[in-house]
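Provide a 3D model corresponding to the input given below.
(one chain, ligands or ions: 1)
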Amino acid sequence: MLTEEWIPAGTLEQLRTDGAKVIKGGIAVFAHEDGAAAVDNRCPHLGFPLHLGSLCNGILTCHWHHARFDICSGGTLDPWADDALAHDVKIENGELWVNASPRRTMNIEKLKQRLQEGLEQNIGIVIAKAVVGLIEAGVSEDEIVRVGILYGTSQGSGWGSGLTILAAMRNVLPKLDKTGRILALYHGLVHVARAGAGRAPRWLLGPLPSADTSPERLADWYRSCVEVRDSQGAEKV
Ligand code: FES
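So this is what the prediction gives:
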């Protein structure tokens with residue numbers, strides 16, 4: 001969210017000479033076309049200073065692993081890197097000002113979306129960063145597991161090795177410390193992503209219409225369906 005705090009960034013003329021500079025708050029400012037553009041100086045991939053990158057034709061390339069960003073929006077062309085945080089810039093009488101807050105910040109919904117994207121694209125680092133972010137934001141482990149289950153059951157042949165590993169990891173979570181829980185979640189989710197990679201989505205069957213059946217009875221029905229390998233009946237239950 002934008003604030004009213006604007007950080008002075010010198011003159012546009014000087015920036016055109018220098019090409020790029022870093023200002024207070026760790027924001028990298030670049031001369032771009034007739035004006036300037038600004039992004040958080042930490043590359044969202046692994047933190048390399050973006051002001052050391054190359055800006056060409058509106059694309060900023062980080063010099064560590066060559067992630068590319070639209071300098072105006074911060075959006076990345078490389079799905080294994082997150083979008084860079086872009087800041088608004090204004091020019092008054094040739095002086096540059098950069099808004100202290102980025103145009104967007106990471107929140108729980110965006111972290112869940114990143115987890116979903118990591119699963120869909122089968123990119124471990126995206127899954128790992130989303131899991132750490134969600135745990136740090138106070139999201140419960142079960143909510144994180146749920147994202148993986150919803151994704152895994154809608155891919156390929158449904159329940160398979162990935163979801164089995166995720167379920168096993170979920171079961172050991174209570175015995176682990178925080179770092180262990182993050183690792184276990186990552187391990188389970190990355191196997192769900194691998195199991196679904198390259199497979200077409202499948203359409204899930206709807207649930208039974210009544211919500212009155214007891215969980216115990218549903219568990220009985222589910223077990224009966226599983227025992228005769230009735231996957232459709234199990235899915236409906
Ligand atoms: S740190 Fe920038 S691409 Fe890896």
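
outside of stretch 50-66, which residues touch it?
Contacts of stretch 50-66 with the rest of the structure, by C-beta atoms under 8 Å, 6 or more residues apart in numbering, involve 19-22, 28, 30, 32-33, 39-43, 45-46, 48, 67-72, 77-78, 81, 84. Every residue, glycine included, has its C-beta placed from N, CA and C.

contacts for the helix-or-strand element of the chain with minimal mean pLDDT?
Scoring the helices and strands of the chain by mean pLDDT, DSSP states H and E places helix 231-236 at the bottom, with a mean of 87. By C-beta under 8 Å, 6+ apart, the residues outside helix 231-236 that reach it are 158, 159, 204, 205, 206, 207, 208, 221, 222, 225, 226.

ok, of those residues, which come out buried?
Buried positions within these, assessed by neighbour count (16 or more other C-beta atoms under 10 Å), are 159, 221, 222, 225.

may I have the least confident helix or strand of the chain exported as CSV, CA atoms only?
Output of helix 231-236 as CSV, limited to C-alpha atoms (Å, rounded to 0.1, in the frame of the first residue of the first chain):
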residue,chain,number,x,y,z
SER,A,231,-12.3,-44.8,-6.4
GLN,A,232,-15.4,-43.0,-7.6
GLY,A,233,-17.4,-44.0,-4.6
ALA,A,234,-14.6,-43.1,-2.3
GLU,A,235,-14.3,-39.7,-4.0
LYS,A,236,-18.0,-39.1,-3.6
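
so which bits of that helix are buried?
Those would be 234, 235, for helix 231-236 by 16+ other C-beta under 10 Å.

pull the longest helix from this structure.
When the chain is parsed with DSSP state H, its longest helix is helix 178-196.

list the helices and strands that one packs on?
Judged by 3 or more C-beta pairs under 8 Å, 6 or more residues apart in numbering; DSSP states H and E, helix 178-196 is in contact with helix 108-121, helix 124-136, helix 141-153, helix 161-172.

so it versus helix 161-172, what angle?
Interaxial angle of helix 178-196 relative to helix 161-172 (axes from the mean of the first three to the mean of the last three C-alpha atoms, to 10 degrees): 160 degrees.
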